[in-house]
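Participant: The following comprises the amino acid sequence and a computationally predicted model.
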Amino acid sequence: MSNRPRSQRFERGLKTRREVLGPEYVDKAIDGADDFNWAMQELTTEWCWDATWNRPGLDRRSRSILNLGMIAALGRSHEFKLHVRGAINNGITRDELKEIFIQVGTYCGVPAAMDCFRVAKEVFAEMDGALDG
């Protein structure tokens with residue numbers, strides 16, 4: 001991984017980020033950072049993954065459910081895909097995901113929910129393929 005200096009907040013956030021999103025994705029993002037986008041990796045890791053995800057008050061399951069709803073509402077499919085995988089890593093079942101996506105459809109619209117189901121099926125296929133391989 002990158003040899004750039006890292007704060008304690010970065011290291012704590014990196015640990016959480018890797019646990020939720022998976023080390024492969026996170027390490028690729030960190031290793032691929034250059035002078036142009038390193039500041040964004042640093043900000044994301046310290047602010048989102050340490051200052052927010054490591055706060056007391058909500059468990060990771062609850063944070064995952066919130067993220068799925070908010071990211072679906074924003075229509076950010078790439079980030080949504082990451083957080084579907086993160087939600088599964090945080091113990092949310094496929095049946096619970098189905099219910100979350102139906103809720104998204106009610107409040108964000110059917111097209112948003114259809115995208116949620118489509119993206120989740122991609123994640124399931126990747127995860128099931130990894131289990132089979």
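Facilitator: Sure, I can see it.
Participant: From Ala51, how far off is Met127?
Facilitator: Met127 sits 29 Å away from Ala51, taking CB to CB, to the nearest Å as the criterion. Bear in mind the C-beta positions are built from the backbone N, C-alpha and C, glycine included.
Participant: again with Arg17
Facilitator: 12 Å.
Participant: Same check on Met114?
Facilitator: When distances are taken as CB to CB, Met114 and Ala51 turn out to be 34 Å apart.
Participant: now swap in Arg60 and tell me
Facilitator: Between Arg60 and Ala51 the computed distance is 15 Å (CB to CB).
Participant: The two - which one has more neighbours?
Facilitator: For Arg60 versus Ala51, the count of surrounding residues by other CB atoms under 10 Å is larger for Arg60: 18 against 13.
Participant: isn't that one right up against Val20?
Facilitator: Yes. The pair Arg60 / Val20 is scored as a contact, 6.6 Å apart, by CB atoms under 8 Å.
Participant: which residues do these two both contact?
Facilitator: When contacts are counted by CB atoms under 8 Å, 6 or more residues apart in numbering, Arg60 and Val20 have Trp53, Asn90 as shared neighbours.
Participant: Can you get me a residue count around Gln103?
Facilitator: Quick note: Gln103 (other CB under 10 Å) scores 16 neighbours.
Participant: So it is in contact with Ala72, correct?
Facilitator: No. With contact taken as CB under 8 Å, Gln103 and Ala72 are classed as non-touching, separated by 9.4 Å.
Participant: Which strands and helices lie in contact with the longest helix along the chain?
Facilitator: Taking DSSP state H as the criterion, the chain has its longest helix at helix 110-132. For helix 110-132, the elements it packs on are helix 60-74, helix 77-89, helix 94-108, judged by 3 or more CB pairs under 8 Å, 6 or more residues apart in numbering; DSSP states H and E.
Participant: ok, and which of these has the densest surroundings?
Facilitator: Among the helices and strands packed on helix 110-132, the stretch with the highest mean neighbour count (mean count of other CB atoms under 10 Å) is helix 77-89, at a mean of 20.
Participant: okay, the angle between that one and helix 110-132?
Facilitator: Helix 77-89 runs at 60 degrees relative to helix 110-132, counting by axes from the mean of the first three to the mean of the last three CA atoms, to 10 degrees.
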